[in-house]
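Asker: Here is my input, please return the structure:
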Amino acid sequence: MRWFGGGPGEAYPDTRSAAVVGCWESTVDELQTPYVRPQENGARIDVRWAELGGLRVEGDPVFFLTARRWTGEQLDAAAHRSDLVPGDTVWVGLDHAQHGIGSQSCGPGPLPRYRLWAEPAEFSFVFSARPGAA
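Answerer: Prediction:
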C-alpha cells in the first residue's frame, strides 16, 4: 500500500501530532499495531490518496485509511492477537472522521474536543485504476 497523508505510523484525532504528512509505503500487515488486547488500530490520518493493488482512492476532503486482513467484527470479537487469523481478503476502511482514542483501554476516554459526534457531513471518494496497474 502507498498513500499520501499522515504516517508512517497510526494516528487518530488526539494523536495526530505523531504523524507527518508525506508519501508512505507499507505492507498491509505492517499497518497493524499489535496491541496485547486486539482493538481498533492502524488508522492513517489526513490521507489525500491511497493505492492498494490495482486500486487508487482519492478523497475530498482528506480521510482516515485503515487496511487489514480481518473484518471489524472479527477484530471486536478477538480476545487475544492469536484470535486474529489473516484471511485472503484485505478489508479497507475509508472514514470521513474518527473518534479520538484517549486511553480508554487503561484509563479515561478522549477529551471532549476529540469525541466524534453524529452530524451532517459532505465528502467524496474517487476510485480509479492505479496508474501503471495492468
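Asker: Could you point out the longest strand of this protein?
Answerer: strand 55-68 (DSSP state E).
Asker: Please name every helix or strand in contact with that one.
Answerer: For strand 55-68, the packing partners by 3 or more C-beta pairs under 8 Å, 6 or more residues apart in numbering; DSSP states H and E come out as strand 2-7, strand 44-52, strand 91-95, strand 124-129. C-betas here are computed from N, CA, C, even on glycine.
Asker: tell me which residues in the longest one are buried?
Answerer: Just to be clear, that refers to strand 44-52. 44, 45, 46, 47, 48, 49, 50, 51, 52 (16 or more other C-beta atoms under 10 Å).
Asker: try stretch 25-42
Answerer: Buried residues in stretch 25-42, counted by 16+ other C-beta under 10 Å: 26, 28, 31, 32, 38, 40, 41, 42.
Asker: Work out the gap between it and the centre of the chain.
Answerer: 9 Å (C-alpha atoms, centre = their mean, to the nearest Å).
Asker: And stretch 45-53, by the same measure?
Answerer: Counting by C-alpha atoms, centre = their mean, stretch 45-53 comes out at 10 Å from the chain centroid.
Asker: which residues are contacting that stretch?
Answerer: By C-beta atoms under 8 Å, 6 or more residues apart in numbering, the surrounding residues in contact with stretch 45-53 are 1-6, 11-13, 16, 19, 21, 28, 44, 56-59, 62-65, 67, 90, 92, 98, 130, 133.
Asker: Now a PyMOL select for only the buried ones of the residues you listed.
Answerer: Filtering those down to the buried ones (16+ other C-beta under 10 Å) takes a single PyMOL command:
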select buried, resi 1+3+4+5+6+11+12+13+19+28+44+56+57+58+59+62+63+64+65+67+98+130
